[in-house]
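**Student:** Sequence first, predicted model second:
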Amino acid sequence: MSDFPRETAAPAVSERRPSPVRGLIFEVREFAVHDGPGVRTSVFFKGCPLRCRWCHNPESQAPTPELLLNRSRCSGCSVCEKICDAALSPDRRSKCVACGRCVDRCPQGARNLCGWETDVPTLVERLLRQRDLFELSGGGVTLTGGEPLFQPEFAVELARALRREQIHVALETCGFASSNVFDALTAEVDLVYFDVKILDPARSRRWLGVDSAPILANLRRLCASGRPFVVRTPLIPGVNDSAEERAAVERLVDGVPSAFGVEFLPYNVAAGAKYALLDRDFDPDLP
Ligand code: SF4
Ligand code: SF4
């Protein structure tokens, strides 16, 4: 992974000015080693336009904060119910506004808020704590999700601010966005991981909830841009794991000089583990 070309970022100028642009993220994961070259910090954006039937991060989908409730930890003490009607009943889940009042009061630590708003200077300051490790390992920051393209203004400003600090920035994306948004963000990063899941438009609508056409159009733009990228394809049993489908994905980037290959990723057998925290069923209905 260390063979990726590294662009020279603009000169570091410590200009972390206040900005009105705010974003919603749900995790900042340090010491990530599978999200790009070197040791990285991954920033998980909350909100995604896709609804992949097998999604293993259901808490990443909604573009709003959400309450996660681990019912296996609950002792039934009723403290949260005294605070709020929506606290425990799955039927009342839709009434939860993720205010967080119940979270700290739970003696079992069964309740968590997923998603918080931040601004770019605050987040950059936190990310720069790992600057030495990034420099030693050839790492950097990876914007992932959820979907960074779903919060383009925030993502662009964050990438710009990091590169001003000479931090390598990678973007992991499903590619579903207008061409303007796609171009604006990919122009601000050093490396793109582009998910290609299903090529056929009708099958894409069935399994991902969106048409594949804009995704593939953006992949073509990326190929033409010369920006370094890697295609990533999660192999879903019976959906896209045939030899024909793999070969079709490989053909998309065959001969493209800036393409650093196709990574086929195994299906996550624990994909359904988090749905219970949201009182949602996991039913991918795979063939
Ligand atoms: S406060 Fe926590 S332990 Fe008590 S009923 Fe609510 S979720 Fe369960
Ligand atoms: S997060 Fe707020 S609205 Fe949601 S259950 Fe707790 S107290 Fe009620």
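**Tutor:** Nice, I can see it. Ligands and ions are numbered 1, 2, ... in the order given.
**Student:** Could you identify the helix or strand that succeeds the lengthiest strand in the chain?
**Tutor:** With DSSP state E setting the assignment, residue counts place strand 22-32 as the longest strand in the chain. For strand 22-32, the succeeding helix or strand toward the C-terminus, using DSSP states H and E, is strand 40-45.
**Student:** Report all helices and strands that that next one contacts.
**Tutor:** Using 3 or more Cβ pairs under 8 Å, 6 or more residues apart in numbering; DSSP states H and E, the elements in contact with strand 40-45 are strand 22-32, helix 120-127, strand 140-145, helix 152-164. Every residue, glycine included, has its C-beta placed from N, CA and C.
**Student:** Using TSV, please lay out the ones you listed together with mean neighbour count, distance to ligand 1 and mean pLDDT.
**Tutor:** Shown next, in TSV, are the helices and strands packed on strand 40-45 (neighbours: other Cβ atoms under 10 Å; distance: least, Cβ to the nearest ligand atom, whole Å; pLDDT from 0 to 100):
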stretch	mean neighbour count	distance to ligand 1	mean pLDDT
strand 22-32	17	20	97
helix 120-127	18	29	98
strand 140-145	27	28	98
helix 152-164	22	32	98
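**Student:** okay, these in JSON lines with distance to residue 52 next?
**Tutor:** What follows is the helices and strands packed on strand 40-45, written out as JSON lines (distance: least, Cβ to Cβ, whole Å):
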{"stretch": "strand 22-32", "distance to residue 52": "17"}
{"stretch": "helix 120-127", "distance to residue 52": "26"}
{"stretch": "strand 140-145", "distance to residue 52": "12"}
{"stretch": "helix 152-164", "distance to residue 52": "20"}
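**Student:** closest to residue 267 out of these?
**Tutor:** Closest approach to residue 267 among the helices and strands packed on strand 40-45 is made by strand 140-145 (18.6 Å; Cβ to Cβ).
**Student:** Partner strands of the closest one, with direction?
**Tutor:** Here strand 140-145 is paired, per DSSP bridges, with strand 40-45 (parallel), strand 168-173 (parallel).
**Student:** Just the buried positions in the helix or strand just after the last one, please.
**Tutor:** This points to strand 168-173. Moving toward the C-terminus from strand 168-173, the first helix or strand encountered (DSSP H and E) is helix 179-186. The neighbour-count check on helix 179-186 (16 or more other Cβ atoms under 10 Å) flags 181, 182, 183, 184, 185, 186 as buried.
**Student:** Could you show which parts of the stretch 51-200 of the chain are in contact with ligand 2?
**Tutor:** For the stretch 51-200 of the chain, the residues in contact with ligand 2 under the definition Cβ under 6 Å from any ligand atom are 67, 83, 84, 86, 87, 96, 97, 98, 99, 100, 101, 102.
**Student:** tell me the contacts of the first one?
**Tutor:** In this case it means residue 67. Contacts for residue 67 (Cβ atoms under 8 Å, 6 or more residues apart in numbering) come out as 96, 98, 100, 102, 103, 111, 112, 113, 114.
**Student:** cool, the fourth one as well?
**Tutor:** Taking Cβ under 8 Å, 6+ apart as the contact definition, residue 86 lies against 92, 93, 95, 96, 97.
**Student:** If you rank those residues by neighbours, which is first?
**Tutor:** Neighbours here mean other Cβ atoms under 10 Å. Within these, the largest count is held by residue 96, at 18 neighbours.
**Student:** Distance of that one relative to ligand 1?
**Tutor:** According to Cβ to the nearest ligand atom, to the nearest Å, residue 96 and ligand 1 sit 12 Å apart.
**Student:** Equivalent analysis for residue 54, please.
**Tutor:** If you go by Cβ to the nearest ligand atom, the gap between residue 54 and ligand 1 works out to 29 Å.
**Student:** Then residue 182?
**Tutor:** Spatial separation of residue 182 from ligand 1 under the definition Cβ to the nearest ligand atom is 42 Å.
**Student:** swap in residue 57?
**Tutor:** For residue 57, the distance to ligand 1 equals 23 Å [Cβ to the nearest ligand atom].
**Student:** Quick check: the farthest pair among the residues of the stretch 51-200 of the chain next to ligand 2?
**Tutor:** The widest separation within these, taken as Cβ to Cβ, falls between 83 and 98 and amounts to 13.6 Å.
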